[in-house]
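Engineer: Let's see this in three dimensions:
(4 chains)
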Number of protein chains: 2
Amino acid sequence: MNLEQVAHRAKVSTATVSRVLNNASVVKTSTRARVIKAIEELKYHPNLHARTLAGGKSRTIGMIVSNMENPFFFDIYKTVESDAHAAGFEVVVANTDYRTEQLVSSIRLMIGRRVAGLAAVVSEMEPALIEELTDSNIPVVFYDVGAPRQNITNIRVNYRRGIDKVIDYLYSLGHRKLGFVGHHAMLGPINARVKPVLDAVASYPGLEVRTAADADTLEGGRLAARALLANGEQPTAIVCVNDIMAVGALRELREQGLRVPQDVSVTGFDNVKLSEFCYPALTTVHIPRDTIGHLICESLLAKSDKTAVADHEMVIDPEFVLRDSTGPAPGR
Amino acid sequence: MNLEQVAHRAKVSTATVSRVLNNASVVKTSTRARVIKAIEELKYHPNLHARTLAGGKSRTIGMIVSNMENPFFFDIYKTVESDAHAAGFEVVVANTDYRTEQLVSSIRLMIGRRVAGLAAVVSEMEPALIEELTDSNIPVVFYDVGAPRQNITNIRVNYRRGIDKVIDYLYSLGHRKLGFVGHHAMLGPINARVKPVLDAVASYPGLEVRTAADADTLEGGRLAARALLANGEQPTAIVCVNDIMAVGALRELREQGLRVPQDVSVTGFDNVKLSEFCYPALTTVHIPRDTIGHLICESLLAKSDKTAVADHEMVIDPEFVLRDSTGPAPGR
DNA sequence: GTGTGGGGTGATAGCGATTACATGACTCAT
DNA sequence: ATGAGTCATGTAATCGCTATCACCCCACAC
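Structural biologist: Okay, here's the model as predicted:
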């Protein structure tokens, strides 16, 4: 079923059918009606591939994320999608699972699709890939990828500010031995997340930290916490790189008969919905995923419309959220 | 950057470049090397739209789900994606948020994309849409959509068997007043999920059930539980349509100072990873998302390869999972 | 020497849209 | 009546690729 058949049935030219399909230029009301009738009768659905090929422009934007399983990423995606839809764009997502190989093929795929814009919300990103991307001439927005770069819009969160509030709070409660639960992908944002922790820790006298890492999942958080509790002296507080892993840690502590926060305090990061529904509710740091999503979409659409929008860097400030998973260090 | 430019640079015809790209027929080693060199030098990425348009076949399969936020759907998606990748296919997902309007536009979009196959893992599905889909000649697999239909492969779960085990267990523990937490989309699978509950309840003497529904989210579960506790006699057990809502219910009970399972028992459904990480860990029913995902992909790929694969119905049996959120009815 | 067959490559006709550009039919002021 | 200006529509080139067919060249058998 194609344009030509519709045109034939409506006794018009393909150009006219295209016109009514795109609401472009003027078509006589009676003609339009005939065309629409033909379209419906034939159950015609325009071929998107032919469309973008002929039109030279694609109405879809691509989004690459590290781990859709983590609601942090999903929340951003959802905002982007809703904004994109409002502007008449589709969005296709790709998951990297923190694997470079997946990232590479996802990027190639997006370039192959000639997406109107690409949002990369991933931790890992090699310079060669960035180059490949910028060469492709596709508008790109990164979230939190490594150092600032020219020709790229980068949205980042001031993790240092967030983690400072956490460490400061724990310190004031008497905690001196911290455990840090991270995940294996110790690059990009994880770096952007890990380094601030180490920096913050270093600025307090007598504060120690030990790190354990695993996958960015509930199970991973549990295993990392287990590792933390197994080797060496037990920390009085466990700081987690994100809420999901913190919930995993919570589970491990419970299993080992440790009470939170009486025996061990736990903190998360992101303020994902779940952090409020787990038990005990997590003390965490709020990262405004909706703001991030809006910024991504706005920037992408602006770039794909006009040709000259300056690339820039946007920094977002996180907020401390105090809940029930933190308390005074034991014996104090 | 297109085929022609690559061909020109490698001093061959476009046909030969295409041959190299597709590993089709024989190309002299030296020629292939020249072409590959040109491709790399020009940073050429084949245009996917032109490809599928010219080739007449798309290497992507579409998947429509009701609510990606619910890990139940995500788990299925993940399996499908991984199977699809293994077979050299991409998958694009669309979210309906249980809204018919979204479903319609997603289906149209998928048809427009000329996907090689479509998996519909949604609750709502009007006959007209199903017709539109079958007319489009795209291989389709449904998960749990209404009554069995011809010309459509349908994968379904024997909810009755699952819920029977739950109700039976609660009944044996002395529970007679049940609350049921569902979600607003009371169609399709929700029907497939709700009706069995009512049927099961009806088969026990003296068993009562009251229903409350809200959104399919943590928050929704909480609100539904709140409604259940507010009106009328307090149930001794709350049966939830899925784990996510159950975790929401857990939160509400805690907030109201009710202990689980001492004061109120709670059950989930799906056996999502979270059900094991929340507190208390949920008694639930396991639905094998991986099996579902495998079946979907297998069926879709089979259909898109050969032309004559019979449509059929597959029924999956769920399993009861006993954990810590259920106990004897209070005062017994 | 001539026929046969196959490996390697080029020319080119689509695929299904969009989009100049051209055209034809009217209206209307001059 | 005539030329200009609109409005509505048709014609056909084009997008970037795949796939068919034709072709050339050379080895090898008879």
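
Engineer: quick check, residue A:228 in a helix?
Structural biologist: Yes - using DSSP: H, G, I helix; E, B strand; the rest coil, the assignment for residue A:228 is a helix.

Engineer: That one and DNA strand C, how far apart?
Structural biologist: Separation of residue A:228 from DNA strand C (C-beta to the nearest atom of the strand, to the nearest Å): 58 Å. Glycine gets a C-beta too; all of them are placed from N, C-alpha and C.

Engineer: okay, now the domains of chain A?
Structural biologist: Domain ranges of chain A: A:3-46, A:60-156+A:289-315, A:159-287, per automatic domain parsing.

Engineer: can I get those domains in a markdown table with mean pLDDT?
Structural biologist: Output for the domains of chain A, formatted as a markdown table (pLDDT from 0 to 100):
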| stretch | mean pLDDT |
| --- | --- |
| domain A:3-46 | 94 |
| domain A:60-156+A:289-315 | 90 |
| domain A:159-287 | 93 |
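
Engineer: near chain B, anything from the helix or strand harbouring residue A:93?
Structural biologist: Per DSSP states H and E, residue A:93 falls inside strand A:90-95. Yes - counting by C-beta under 8 Å from any C-beta of the partner chain, chain B has neighbours in strand A:90-95: A:90, A:92-93, A:95.

Engineer: So which bits of the helix or strand that comes right after that strand are buried?
Structural biologist: Toward the C-terminal end, the helix or strand that comes next after strand A:90-95 (DSSP H and E) is helix A:100-113. Of the residues in helix A:100-113, A:102-103, A:106-113 count as buried by neighbour count, 16 or more other C-beta atoms under 10 Å in any protein chain shown.

Engineer: out of the residues you listed, which one sits closest to residue A:197?
Structural biologist: Nearest to residue A:197 among the buried residues of helix A:100-113: residue A:103, at 24.5 Å, using C-beta to C-beta.

Engineer: Do a quick rundown of the strands in chain A.
Structural biologist: Here chain A has its strands, by DSSP state E, at A:60-65, A:90-95, A:117-121, A:140-143, A:153-157, A:177-183, A:208-214, A:237-240, A:265-267, A:284-286, A:313-316, A:319-321.

Engineer: ranking these by burial, who's on top?
Structural biologist: For the strands of chain A, the largest average neighbour count (mean count of other C-beta atoms under 10 Å in any protein chain shown) is found in strand A:237-240, namely a mean of 30.

Engineer: So for residue B:79, which of the domains of chain A sits nearest?
Structural biologist: domain A:60-156+A:289-315 (12.6 Å).

Engineer: Identify the residues contacting residue A:330.
Structural biologist: Contacts of residue A:330 were listed using C-beta atoms under 8 Å, 6 or more residues apart in numbering or on different chains, and they are A:236, A:262-263.

Engineer: Who wins on neighbours among the residues you listed?
Structural biologist: Counting neighbours by other C-beta atoms under 10 Å in any protein chain shown, residue A:236 leads the contacts of residue A:330 with 23 neighbours.

Engineer: thinking again about what came up before, looking at the residues of strand A:90-95 next to chain B, which one is closest to chain B?
Structural biologist: residue A:92 (5.0 Å; C-beta to the nearest C-beta).

Engineer: Spell out which parts of chain A neighbour DNA strand C.
Structural biologist: A:1-4, A:14-15, A:17-19, A:21-22, A:24, A:46-47, A:50-51, A:53-57 (C-beta under 7 Å from any atom of the strand).

Engineer: which among these end up buried?
Structural biologist: Buried residues within those, counting neighbours by 16+ other C-beta under 10 Å: A:1, A:3, A:17-19, A:21, A:46-47, A:50-51, A:53.

Engineer: can you pull out the helices in chain A?
Structural biologist: Residue ranges of the helices in chain A, as given by DSSP state H, are A:3-10, A:14-22, A:29-42, A:48-55, A:71-86, A:100-113, A:127-135, A:159-172, A:188-202, A:218-230, A:243-255, A:274-277, A:289-305.

Engineer: Any figure for the gap between residue A:193 and chain B?
Structural biologist: Distance, residue A:193 to chain B, by C-beta to the nearest C-beta, to the nearest Å: 22 Å.

Engineer: just residue A:155 next, same as before
Structural biologist: Plainly put, residue A:155 is 22 Å away from chain B if you go by C-beta to the nearest C-beta.

Engineer: Okay then, goodbye and thanks.
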